[in-house]
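Chemist: Quick one: sequence plus predicted model below, questions after.
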Amino acid sequence: VGFKTYLAHSHKLATNMNRLLRPPYVDQNTNIHYDTTNAEFEGYLTKESMWLKDWRRRYFILKGSKLFFAKNEYVAPHGMIDLSLCTTVKSADLKSRKRNSFEISTADTTFLLYADTEKEKDDWIGSVGRAIVRCSNTYTREQNANEEEEDDESSFEDDPNNPYFN
């Protein structure tokens with residue numbers, strides 16, 4: 001039992017250390033460094049290259065409104081999809097002619113990707129979809145409205161002149 005626990009702990013520690021030591025993504029246009037540690041969701045997907053249209057396995061890192069990709073989980077990402085510019089994420093098996101595929105679309109570009117399993121595809125679509133919704137104006141407006149409603153309700157309940165709660 002002690003040795004198994006040691007191995008499990010060592011693997012967990014090594015995994016956490018690798019994540020902590022992952023280099024940031026550096027935007028070549030702005031020289032902004034993006035931290036890619038403590039990702040919300042990460043794993044391998046296969047992505048269609050933009051120019052040659054061949055398929056390449058990449059390690060994807062979802063953090064906030066950014067989806068980074070790298071050659072593997074240990075190196076600095078070499079690409080980024082800004083999800084705040086994305087309009088849709090949806091299945092794309094017919095379009096890509098690949099099983100477990102999906103697309104992430106902006107006004108200008110469509111990224112085609114596929115996962116190893118249908119469950120992984122669904123998990124990625126859900127995670128990316130939630131990230132897109134979080135940075136949409138509609139979500140921000142609704143969130144602000146809900147927060148204002150909550151503020152109104154709590155101040156109404158605490159009001160000493162409120163006849164319903166005194």
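Modeler: Nice, I can see it.
Chemist: contacting residues around stretch 101-118?
Modeler: 44-48, 50, 55, 60, 67, 81-83, 85-93, 95-96, 98-100, 121, 123-125, 128 (Cβ atoms under 8 Å, 6 or more residues apart in numbering). The way it works is simple: take the backbone N, C-alpha and C, and place the C-beta from them, glycine included.
Chemist: what's the weakest-modelled helix or strand in this protein?
Modeler: In the chain, the helix or strand scored least confidently by mean pLDDT, DSSP states H and E is helix 2-21, which has a mean of 49.
Chemist: What's the first helix or strand after that helix?
Modeler: Moving toward the C-terminus from helix 2-21, the next helix or strand (DSSP states H and E) is strand 25-26.
Chemist: could you say what helices and strands that next one packs with?
Modeler: For strand 25-26, the packing partners by 3 or more Cβ pairs under 8 Å, 6 or more residues apart in numbering; DSSP states H and E come out as strand 33-34.
Chemist: again, only this time at 10 Å
Modeler: In terms of contact count using 3 or more Cβ pairs under 10 Å, 6 or more residues apart in numbering; DSSP states H and E, strand 25-26 is assigned the packing partners strand 33-34, strand 66-70, strand 79-82.
Chemist: winner for burial among those strands?
Modeler: Ranked by mean neighbour count under mean count of other Cβ atoms under 10 Å, the helices and strands packed on strand 25-26 are led by strand 66-70, which reaches a mean of 23.
Chemist: now the helices for the chain?
Modeler: Assigned by DSSP state H, the helices in the chain fall at 2-21, 93-96, 118-134, 137-158.
Chemist: I'd like the mean pLDDT over the longest one, please.
Modeler: This means helix 137-158. For helix 137-158, the mean per-residue pLDDT is 53.
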